[in-house]
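>>> sequence plus predicted model, see below.
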Amino acid sequence: MIVRSLRVVFSLICVAMVVVLSGPVAPAWAAGLQLSDVSLAVCDQADPGAQPGPSGDPRRAGVTRTAGASCYVLSGAVNNPGRKPVFDTDVYARILDASGEPVLQNRTRVGSIGDVEPGSHPFALRLAVPAGTPGPFEVSNPRARGFSAPVRTRATDDEDLLPLEQQVVDVEDPGAFMPSVSEMP
């Protein structure tokens, strides 16, 4: 009986030490932001996200259009009325085709715009819309939600870019080295 009581007391002490040593954890409260001037347009052909078919440009080697999808850009302005930044902000909207059917089946989250400082800022997201979807498109119920503290793992300055991200950087900086597809991890 005494051994059992000592085990319970020891367990409670261990749990209390873990809680005290881990320090106070501030919750990350959700914050809603206002979106305005939201529009959906076809990607510009100069945009790396447009991903046209194969070309003679060596910087675009291995970057091709996703089969069965067309590139569109959802853009507008996001307003953070608070005095503090909002972190890890996601954008939600219903995008309907000409017949009123949803373009993005079973989801309303269209992408992430990262951190939003106080004030009004432009944003843009690339979307892959299934090829052959009848337009014009209607964007309804656009909204954005973020958090009062970071909730996703942050990349450091020492981390490398993913191959597709590196290709986008290389297109913007023609002097940069571009590994061939066989050299990529």
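The structure has been received and is ready for your questions.
>>> what's the burial count for residue 100?
Neighbours of residue 100 under the rule other CB atoms under 10 Å: 7. Placement of C-beta: from N, CA and C, glycine included.
>>> and it, how far from residue 94?
10 Å (CB to CB, to the nearest Å).
>>> may I have the strand or helix carrying residue 15 as PDB, with CA atoms only?
Here residue 15 sits within helix 2-22, counting by DSSP states H and E. Coordinates of the C-alpha atoms in helix 2-22 are reproduced here as PDB (Å, rounded to 0.1, in the frame of the first residue of the first chain):
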ATOM      1  CA  ILE A   2       2.800   2.400   0.900                       C
ATOM      2  CA  VAL A   3       4.700   1.500  -2.300                       C
ATOM      3  CA  ARG A   4       1.600   2.300  -4.400                       C
ATOM      4  CA  SER A   5       1.100   5.600  -2.700                       C
ATOM      5  CA  LEU A   6       4.800   6.500  -3.300                       C
ATOM      6  CA  ARG A   7       4.400   5.700  -7.000                       C
ATOM      7  CA  VAL A   8       1.400   7.900  -7.300                       C
ATOM      8  CA  VAL A   9       3.100  10.800  -5.500                       C
ATOM      9  CA  PHE A  10       6.300  10.300  -7.600                       C
ATOM     10  CA  SER A  11       4.200  10.300 -10.800                       C
ATOM     11  CA  LEU A  12       2.400  13.500  -9.800                       C
ATOM     12  CA  ILE A  13       5.700  15.200  -9.000                       C
ATOM     13  CA  CYS A  14       7.100  14.200 -12.400                       C
ATOM     14  CA  VAL A  15       4.000  15.500 -14.200                       C
ATOM     15  CA  ALA A  16       4.200  18.800 -12.200                       C
ATOM     16  CA  MET A  17       7.900  19.200 -13.100                       C
ATOM     17  CA  VAL A  18       7.300  18.600 -16.800                       C
ATOM     18  CA  VAL A  19       4.500  21.300 -16.800                       C
ATOM     19  CA  VAL A  20       6.700  23.800 -14.800                       C
ATOM     20  CA  LEU A  21       9.800  23.200 -16.900                       C
ATOM     21  CA  SER A  22       8.100  23.500 -20.200                       C
END
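>>> contacting residues around the helix or strand just after it?
Later in the chain than helix 2-22, the nearest helix or strand by DSSP H and E is strand 30-42. Here strand 30-42 makes contact (CB atoms under 8 Å, 6 or more residues apart in numbering) with 70-82, 86, 89, 91, 93, 95, 116, 120, 127, 137, 139, 142-148.
>>> any quick ChimeraX command for the buried ones out of those?
Those of the contacts of strand 30-42 that count as buried under 16 or more other CB atoms under 10 Å are selected in ChimeraX with:
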select :70,71,72,73,74,76,78,80,86,89,91,93,95,116,127,137,139,142,144,146,147,148
